[in-house]
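> Quick one, fold the following:
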Amino acid sequence: MLNYNLKFAVRNLLKYKSHSFINITGLSIALAACLLIMLFVQYELSYDKFNEKADRIFRVIVDLKLGGNMLVGTNLGAPTAEAMINDFPEVENAVRLKESGSWFISYGDNSFKETKVIRADPTFFDIFTVPLLKGNPKTALAKPNTLVLSKKMSEKYFGSDNPIGKTLRLDNREDYLVTGVFDKIPSNSHFHADFILSLQINHSNGNGHWLSNMNYVTYILLQKNYNYKSLEAKFPSMVEKYIGPDIEFFTGKSLKDFMKEGNKAGFYLQPLTDIHLHSDLMGELEPNSDIKYVVIFSAISIFILLIACINFINLSTAGSSGRAKEVGIKKVLGSEKKDLVKQFLTESLVMSLIATILALIIIELVLPLFNNLSGKELTISLFTNYQFLAGILILTIFIGLLAGSYPALIISSFKPVSVLKGKLRSGAKSGFLRSSMVVFQFVASIVMIIATIVVFNQLHYIQNKKLGFDKEQVIIIHDTFILSDKVESFKNEVVNDSRIISGTVSSSLPVESSRNSNGTFRDGNVNDEKLTTMQSWSVDYDYIPTLGMKIIKGRNFSREFGSDSQAVVINEAVAKHFEWKNPIGKRLSQYTSGDGSQMATYTVVGIVKNFHYESLRNTIGPVLLFLGRSTSNIVFRFNDKNLSEVINLIKDKWEKFAPGSAFEYSFMDKDFDKMYKAEQKLGDIFSTFAFLAIFIGCLGLFALATFTAAQRTKEIGIRKILGASVSKVLLLMTKEFLKWIIIANIIAFPIAFYLMNKWLEDFAYRTEIRWWIFALSGGIALIIALLTVSYQAIKAATTNPVKSLRYE
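Residues are numbered from 1 along each chain as shown. Modelled structure (predicted):
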């Protein structure tokens, strides 16, 4: 019987070619989209699970509230790890990681700039599953000035030679002994490194203070089957023991009084496998993703799949009149309903299988494009990724049954007497159901169109918002610390060229860069209730004019004032925090040593207009600008439209002052745009899947138009004989579809508004969802629907009425 059904299914696929082509095309595209998203979701959920002890590894998070500012982050003081091991027996081990920035690493005549460099305790390999190909994991990082490197870096510097025991020179000032080689840290890890340097700092470093030198990301390994919440319950005693004395030392207040003022001090644990999708804290080692995007993309894949299944149902019911006589004859010859159901389900499953095979081919072709779009390294390995293979098989059967069940039950229920007499009619309920399904398709499509427009509108808002600084025609020269005491001479020679307007030397920029923050209080008063941490940037005299910032009160730093070494320029957020109406002449203090033994006080000489230095997701925080030496970057503002000439000018000067050193630069506007990579990718993905949803939805609309035209053929013929014009017939054919699209808009608008308003809530500065977005989305859906339906409508309206009356 199965063999018979399979043969019959193949025969019918070939017999109804257009029906089969549209069905299989829609299903294969939907399946390809669904499987791609399934790969993406599986990859996102797999982060850090390659670690054999992943379920026992936790990151320690500091949870502070100081002067009204929440400071929740990953960076802890040096003593935290050792205290965790000593005070809590359930903690088996701990490791600290520390970002190490970029280094110029050389071996012999080879010298390269490396950015994936971290420092780690010797326990790194006991906690994380990063096997060494060469070297002893127990001792590899135990001694000062040792490092392990990836296999890729080993080949880059040493070729096929064994690197163990060889020495690499870092920044031409420190020598590190190579003690190990690892393959690579997997791509689905929340941190990556090509070089891991030994952490040469004792656990007790920082003069015993937990709230100073907070630069260490700390992970702990718990005993098997231990509930981490039980350990968190013990943290208040740890805060009282270690944080309390620090608070009293730095603020002069007891922990109890500190808390009474509305401040907060505590810790909590974050499971390792939660970091990638559930964490966006201060001091993340790398940018993370967000679980909401996994949910959004999963929902999109489900909607696209449902749209394709609805197409299948609509096409099958639209073609049911063509299969009615076949069903009638089979029933007269003795076929039972269950046999017919099996036959139609077999056809559905065969189409689903063919669509799956085509979908896998499509995935192979578009996977590199999708990887580029999503920024991931997805691969499809059917015979090694058993979960994915099982998912494909289940999905194929599920779609075949889901899409085929309704048509199978409806068509197999035809009464043979009515069918053979040509009295087959579609009931009101089935007509309503078909129309409802098309409405659902367009609701999903319109929501995605609106989402795409809102995402790109927010990106346009970001790119055109007044930022408080001018990012256009600004070039950043990186790693200028190499110039050492020649940095000012280099800057001055470049600025002397007429194509350069001005230049400034600073490590801290209002795009991603190196920054510092320090506890700040008023006029030496450590008991100040407004004490909080503030961004503290070292700049030079030309920083503010070069970056196009605006002094709104007071003055900029000036060489005419020798006292400016003890001056500070603040932004508006600082004045607001301290509730100063006239800040000029006010005094601010900061500790200048980690142990709190030294303090410096500065006089406010100017206020700069607030400027964005973080993503627009965040409100503008307090920033202090100090006159000082910080030489990581030199920034030049230029006025020449010929970029290549400007670049060549600066490069020539660089080679003069730093011969043999790599010349690296970027443009500030491009660096600013990089801060919104996630949103740009989201917009691209939304637009891609919105197009697919609309395309597949149009197939469904085409199916319904075909069905309607077939059902009303005789009616149209009579109307034309009675004098109806082509335009009236066209209106008759399209008005029902227009009604359903309008209903789809009415349903989609509030859904889209709610969802996108929730998405925009992540941005402190955001665009508005204006009425024209809905009008445009509805208009797009309406035009696409009309174009889709018009083919069948025109065909029906122009058919010879004599042929129409002979129909059926």
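> How about the contacts made by the closest residue in space to Leu349 that isn't next to it in sequence?
Nearest non-adjacent residue to Leu349, counting by C-beta to C-beta, 6 or more residues apart in numbering: Gly400, 3.7 Å away. All C-beta spots, glycine's among them, are computed from the backbone N, C-alpha and C. When contacts are counted by C-beta atoms under 8 Å, 6 or more residues apart in numbering, Gly400 touches 345, 348-353.
> got it, and Thr533?
66, 69, 71, 517-520.
> Can you tell me the SS state at it?
Using DSSP: H, G, I helix; E, B strand; the rest coil as the criterion, the local structure at Thr533 reads strand.
> which parts of the helix or strand Phe344 falls within are buried?
Following DSSP states H and E, one finds Phe344 within helix 337-374. By neighbour count on 16 or more other C-beta atoms under 10 Å, the buried set for helix 337-374 is 340-352, 354-356, 358-360, 362-363, 367, 370-371, 374.
> Which secondary structure elements does that helix sit against?
The helices and strands touching helix 337-374, judged by 3 or more C-beta pairs under 8 Å, 6 or more residues apart in numbering; DSSP states H and E, are helix 2-15, helix 17-45, helix 291-318, helix 320-332, helix 386-411, helix 677-711.
> Could you tell me the angle between that helix and helix 291-318?
In terms of direction (axes from the mean of the first three to the mean of the last three C-alpha atoms, to 10 degrees), helix 337-374 departs from helix 291-318 by 140 degrees.
> Numbering from 46 from now on, please.
I'll keep to 46 as the first residue from here, and by that count the last item is helix 382-419.
> From the chain's centroid, how far away is helix 382-419?
The chain centre lies 29 Å from the centre of helix 382-419; the measure is C-alpha atoms, centre = their mean, to the nearest Å.
> just stretch 278-286 next, same as before
Worked out by C-alpha atoms, centre = their mean, stretch 278-286 lies 35 Å from the chain centre.
> sorry, back to before: need the worst-confidence member of the contacts of Thr578.
The member of these with the lowest pLDDT is Asn114, at 73.
> Relative to Tyr88, how far out is that one?
Asn114 is 36 Å from Tyr88, where distance means C-beta to C-beta, to the nearest Å.
> Over to Phe819?
The value you get for Phe819 to Tyr88, if C-beta to C-beta is used, is 34 Å.
> what about the stretch 346-495 of the chain, any weak spots by pLDDT?
Scanning the stretch 346-495 of the chain for pLDDT under 70 picks out the ranges 361-382, 384-385, 427-429, 451-476, 479.
> again, only this time at 50
For the stretch 346-495 of the chain, the stretches flagged by pLDDT under 50 are 472-474.
> now the chain
248-251, 472-474.
> From the centroid of it, which residue is nearest?
Note on the chain: the residue nearest the mean C-alpha position is Ala723, at 4.0 Å, using C-alpha atoms, centre = their mean.
> if I pick that one, what's in contact with it?
Ala723 is in contact with 332, 334-335, counting by C-beta under 8 Å, 6+ apart.
> run the last query once more with 6 Å
Listed by C-beta atoms under 6 Å, 6 or more residues apart in numbering, the contact set of Ala723 is empty.
> Distance check, it against Pro332.
7 Å.
> Not including adjacent chain positions, what is the nearest residue to Ser547?
That would be Thr591: by C-beta to C-beta, 6+ apart, it lies 4.4 Å from Ser547.
> count of neighbours near that neighbour?
Residues near Thr591, counting by other C-beta atoms under 10 Å, number 24.
> ditto for Ser660
Applying other C-beta under 10 Å, we find 17 residues neighbouring Ser660.
> Was I right to think it contacts Met720?
Yes: counting by C-beta atoms under 6 Å, Ser660 does reach Met720; the two are 5.3 Å apart.
> what about Leu192, which helix or strand?
Per DSSP H and E, Leu192 falls inside strand 191-195.
> Flag every buried residue along stretch 604-619.
Quick answer for stretch 604-619 (16+ other C-beta under 10 Å): 609, 612-619.
> Kindly reformat the residues you listed as CSV containing distance to Asn541.
What follows is the buried residues of stretch 604-619, written out as CSV (distance: C-beta to C-beta, whole Å):
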residue, distance to Asn541
Asp609, 24
Ala612, 28
Val613, 30
Val614, 26
Ile615, 32
Asn616, 31
Glu617, 35
Ala618, 36
Val619, 35
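> Restricted to strands, list the residues you listed.
Counting by DSSP state E, the buried residues of stretch 604-619 place 612-616 in strands.
> quick check, nearest of those to Glu144?
Of all these, Asn616 has the smallest distance to Glu144: 25.8 Å, by C-beta to C-beta.
> Does the closest one touch Val653 like I think?
Yes: applying C-beta under 6 Å, one finds Asn616 in contact with Val653, separated by 5.3 Å.
> what sits in contact with each of the two?
Common contact partners of Asn616 and Val653 (C-beta under 6 Å, 6+ apart): none.
> still on that earlier bit, hmm, which of the contacts of Thr578 are the buried ones?
111, 114, 116, 562, 564-565.
> Just flag the most distant two among those residues.
Across the buried ones among the contacts of Thr578, no pair lies farther apart than Leu116 and Thr565, at 12.9 Å, counting by C-beta to C-beta.
> can you give me the strands in the stretch 446-595 of the chain?
519-523, 545-550, 562-567, 577-584 (DSSP state E, counting those that start in this stretch).
> that older thread, would you mind putting the ones in strands among the buried residues of stretch 604-619 into CSV with distance to Ile288 alongside?
Below are those laid out as CSV (distance: C-beta to C-beta, whole Å):
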residue, distance to Ile288
Ala612, 33
Val613, 28
Val614, 33
Ile615, 29
Asn616, 29
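> Any chance of JSON lines for the buried ones among the contacts of Thr578, columns distance to Ile596?
Conversion of the buried ones among the contacts of Thr578 to JSON lines gives the following (distance: C-beta to C-beta, whole Å):
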{"residue": "Leu111", "distance to Ile596": "28"}
{"residue": "Asn114", "distance to Ile596": "25"}
{"residue": "Leu116", "distance to Ile596": "29"}
{"residue": "Ser562", "distance to Ile596": "23"}
{"residue": "Gly564", "distance to Ile596": "26"}
{"residue": "Thr565", "distance to Ile596": "20"}
